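1. quick one, fold the following:
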Amino acid sequence: MEIRVLKYFLMVAREENITKAANLLHITQPTLSRQLIQLEEELGTTLFHRSKHRVVLTEDGMLLKRRAQEIIELADKAQKELTHKAEKLSGEISFGCAETQNMTFLSQKMAAFRKKYPLVHYNVYSATADDLKDRMEKGLLDICLFTEPVDIGKYEFLRLKRKEVWGVLVRRDSPLAAMEKVTPEDLVKFPLLMSRREMVQNELANWFGDLFDKIEIASNYNLILNAADMVKNNVGIALCFYIENISNDLRFIPFSPALETGAVLAWKKNFVFSPAATEFIHYIKIAAS
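-> Residues are numbered from 1 along each chain as shown. Next comes the predicted model:
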C-alpha cells in the first residue's frame, strides 16, 4: 500500500463521494475510482458500499480508516524527524497528557526547553492513560504524562512530586457545596459521574468500601471538562481530581478520608527517539531530580 493511495482512500471516506474527493485531490474521478479498486484488490476485500451518489465504508473499510490514519501520522512524524536530523536541534516531540495539575510542571519545562532550542515543535495529545499507552505503543507519542493508577512496568519513567487530590465537583447550589470534605456516606444519596477507566474505578471502589455497591453511577466519562459540563447541567456529581479553573459555577470538595494519587512521565525503554525527543528526555531527567 502506498501512502499516496491511503490518503486518497481517507479523502473518499471523509467526503463519501468519489467525484467530490477527486476534485479536492486534483485528480480525475476515473483515476481515483481505479486507485480504490486496485486497493480493494490488493487487500482482497470491499472497502466501500457504493450507491449512485454516495459511498460508505464497510466494516473492513472502517478498520482500514483507523489504520491508515495511524500509518500516515507515523510517516509524517518520521519525515519530520529525518528532515531535521542534520540541522541544529529541531523537529517535533509528541506528548500525550492526562488531565492533571502536573501539566504545569511539564509546560514549564517545555517552555524552558524551547527557549534553548527554538526550532523544536511540540505536538500535544490529551486523553486518558489507556488511550495514551495505546498511541505510545504504536509510536505516535514520544513521552506521556500519566496519572496513576497506571501500569508502567515496561517503560522508563519519572515519578513527579505533586500529588493529585481526589474529591467531587458539584454545582454551587448543591446540598454538598457548603461542606469542606465529603465522605462515602455523603455521596450515596446523589447520582455520580465516574471515570470509565477500570483501574480508577477499582481505586474508588476501595475508597467507598462496602458502600460502593450502593452508589448510583449516572454516567462514565474520560475527560473532566466534559464531566464538568454534565455537572453544570445536573446530570450528576463528578468524582475527579482537583483541576484549577474549571468553572466559577462549580466547586471542588476533597474526599474524607483523603485520597491522593501520583503522576509519572514515561517513555519507551530502549527506543530510538528523534534527536529532539532524546535531548528533552535527558533534560527532563535533570529537571525532575
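
2. what about the strands in the stretch 1-150 of the chain?
-> 48-50, 55-57, 91-97, 120-126, 143-147 (DSSP state E, counting those that start in this stretch).

3. that should have said the stretch 151-289 of the chain, apologies.
-> Under DSSP E, counting those that start in this stretch, the stretch 151-289 of the chain gives strands at 155-159, 164-171, 191-195, 216-221, 237-241, 250-254, 260-261, 263-268.

4. TSV please, covering the strands of the stretch 1-150 of the chain and showing mean neighbour count and mean pLDDT.
-> (C-beta placed from N, C-alpha, C; glycine too.) Output for these, formatted as TSV (neighbours: other Cβ atoms under 10 Å; pLDDT from 0 to 100):
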stretch	mean neighbour count	mean pLDDT
strand 48-50	15	93
strand 55-57	17	94
strand 91-97	22	96
strand 120-126	16	96
strand 143-147	25	96
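
5. take those and lay them out in JSON lines including distance to Glu16.
-> Listed next are these as JSON lines, based on distance: least, Cβ to Cβ, whole Å:
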{"stretch": "strand 48-50", "distance to Glu16": "9"}
{"stretch": "strand 55-57", "distance to Glu16": "6"}
{"stretch": "strand 91-97", "distance to Glu16": "30"}
{"stretch": "strand 120-126", "distance to Glu16": "27"}
{"stretch": "strand 143-147", "distance to Glu16": "34"}
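
6. and of those strands, who's closest to Ala288?
-> Distance to Ala288, taken as Cβ to Cβ, is lowest for strand 143-147 among the strands of the stretch 1-150 of the chain, at 11.6 Å.

7. list the contacts of that closest one.
-> 93-100, 102-103, 106, 129, 132-133, 136, 152, 164, 241, 261-267, 277, 280-281, 284 (Cβ atoms under 8 Å, 6 or more residues apart in numbering).

8. sheet-wise, list the partners of it with their directions.
-> Paired strands of strand 143-147, with direction, are strand 91-97 (parallel), strand 263-268 (antiparallel) (DSSP bridges).

9. same list (those) but as TSV, adding distance to Pro184.
-> Formatted as TSV, the strands paired with strand 143-147 follow (distance: least, Cβ to Cβ, whole Å):
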stretch	distance to Pro184
strand 91-97	30
strand 263-268	24
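
10. check contacts around the residue nearest to Ala228 when sequence neighbours are not counted.
-> Closest residue in space to Ala228, ignoring its immediate chain neighbours: Ile246 at 5.0 Å, by Cβ to Cβ, 6 or more residues apart in numbering. Listed by Cβ under 8 Å, 6+ apart, the contact set of Ile246 reads 169, 224-225, 228, 252.

11. top of those by neighbour count?
-> The most neighbours of any of those, using other Cβ atoms under 10 Å, belong to Leu169, which has 26 neighbours.

12. which residue packs closest to that one, ignoring adjacent ones?
-> Once flanking residues are discounted, Leu169 sits nearest to Ala238: 4.1 Å by Cβ to Cβ, 6+ apart.

13. beta partners of that neighbour?
-> With DSSP bridges applied, Ala238 shows beta-bridge pairing to Leu169, Leu193.
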